[in-house]
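Undergrad: This is a predicted model, with the sequence first.
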Amino acid sequence: MSQPTLPKNDPGNDSQKTVVKERSEPAADKRRRPTLNLQALGIYIAAVVIFLIFGLLNQNFLTSGNLRDIAVSASVNAIIGLGITFVIITGGIDLSVGSIASFVGIATATLMVNAGTSPIFSLFAGIALGLVCGAINGLLITKLKLPPFIATLGTMSIYQGFAYVVTDGKPVYNIPKDFVFMLNSYVAGIPVAVILVAVLAVLCWLLLRRTVFGQNVIATGGSEETAWLSGVRVDRVKIAVYALSGVLAGIGGLVIVARINAAQTDAGSPYLLTAIASAVIGGANLMGGEGRIAGTLVGALILGALTNGLVLLNVPSFYEQIVTGLVVVIAVALDQTSKGWPLFKKKSPQKKEAAA
């Protein structure tokens, strides 16, 4: 027997057409009329204002040499922040990135100085170590069902402990010049660290915005249940995201070693909060589902400019933490306000009566 078909004037048929029309028209409108993201634009405006203010307060701030120094100082925050951005988009957090940077840096330096391995081999060994550390975080979160905060809080202590164990808490000096040259030199007057940040940022943007994996990352952060029902392998996405965070944290640790020409057991620790702050200032939503690669770079530049500007103005260094904290709080507050923070929502008459 043939399958029954709906008549042309069947209401169900019309309703299906209506639904398709309602879904397709907004998509077409979006293609025709690109919308302006005021929240993203606000980050760039804030960066310009900060640079102008410091430029007016100190004439040396906007010189080419100082701007280059700001870019170099922001490079580690930017690299680690790129990985954190992916993690935050999935609705997670990675508190171990600073310890991974320290562990990778000290382990890589030990390989080169004490074991005599080549800088190239040591570089890739360090990146692989960062990947393993990040993947372990992902496995703890997906297989043991630990909350990301608790899992990475634990591994933060573990990886930092490994960093101390490798050299008995002693720094490693005499880093090979070839390794330092790879990550702390200039190409056509541009620091290699800045070029590295640009390359990694482009790759991360392509990964997030132009691949199925990137769509799955955003879908996982938006709603894990919906993503799973849509066929997304949520656990694999999370493991991959934390592994990526570990890789970028490891690269950040290698850049630190090249910059200071030494490896210290806790060199990466100060970058934990600033890397997270860079992502948050750049528009990453701590509730998941939203984040911007370019925004993270701008966030890192803002923090770098604040640090550099305060130094030029002879402001004591401990005020930097206060300013950084204020910037993060203001950025999150503005982000929540733009999305309709309950504090700023007007209560309906029914709710007011109920409250009374």
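TA: It's in. Residues are numbered from 1 along each chain as shown.
Undergrad: can we go C-alpha only for contacts and neighbour counts from here?
TA: Noted.
Undergrad: shaky segments in this structure?
TA: For the chain, the stretches flagged by pLDDT under 70 are 1-39, 335-356.
Undergrad: pretty sure residue 250 contacts residue 126?
TA: Yes: using CA atoms under 8 Å, residue 250 makes contact with residue 126 at a distance of 6.4 Å.
Undergrad: With neighbour numbers in mind, choose between the two.
TA: residue 250 (36 against 26; other CA atoms under 10 Å).
Undergrad: got a list of what the more buried one touches?
TA: Residue 250 is in contact with 100-101, 104-105, 126-127, 129-131, counting by CA atoms under 8 Å, 6 or more residues apart in numbering.
Undergrad: Count residues in the vicinity of the residue lying closest to residue 291 once chain neighbours are set aside, would you?
TA: In space, not counting the residues next to it along the chain, residue 291 is nearest to residue 284; the distance is 3.9 Å by CA to CA, 6 or more residues apart in numbering. Burial of residue 284 is recorded as 28 neighbouring residues (other CA under 10 Å).
Undergrad: before we move on, back to that, so of the contacts of residue 250, which two are at opposite extremes in space?
TA: 105 and 131 (13.5 Å; CA to CA).
Undergrad: With neighbour numbers in mind, choose between these two.
TA: Using other CA under 10 Å, the more surrounded residue of residue 105 and residue 131 is residue 105, with 34 against 23.
Undergrad: before we move on, what SS does that one have?
TA: Three-state assignment for residue 105 (DSSP: H, G, I helix; E, B strand; the rest coil): helix.
Undergrad: And stretch 175-185, how far out from the chain middle?
TA: Distance of stretch 175-185 from its chain centroid, counting by CA atoms, centre = their mean, to the nearest Å, is 26 Å.
Undergrad: buried residues in that stretch?
TA: Within stretch 175-185, the residues that qualify as buried by neighbour count (16 or more other CA atoms under 10 Å) are 175-176, 179-180, 182-184.
Undergrad: Ok, stretch 233-247 next?
TA: So, applying 16+ other CA under 10 Å, buried residues of stretch 233-247: 234-235, 237-247.
Undergrad: and the residues you listed as CSV, adding distance to residue 310?
TA: Putting those into CSV (distance: CA to CA, whole Å) gives the following:
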residue, distance to residue 310
234, 43
235, 43
237, 40
238, 38
239, 39
240, 38
241, 35
242, 34
243, 35
244, 33
245, 30
246, 31
247, 31
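Undergrad: Quick check: the farthest pair among those residues?
TA: 234 and 247 (20.0 Å).
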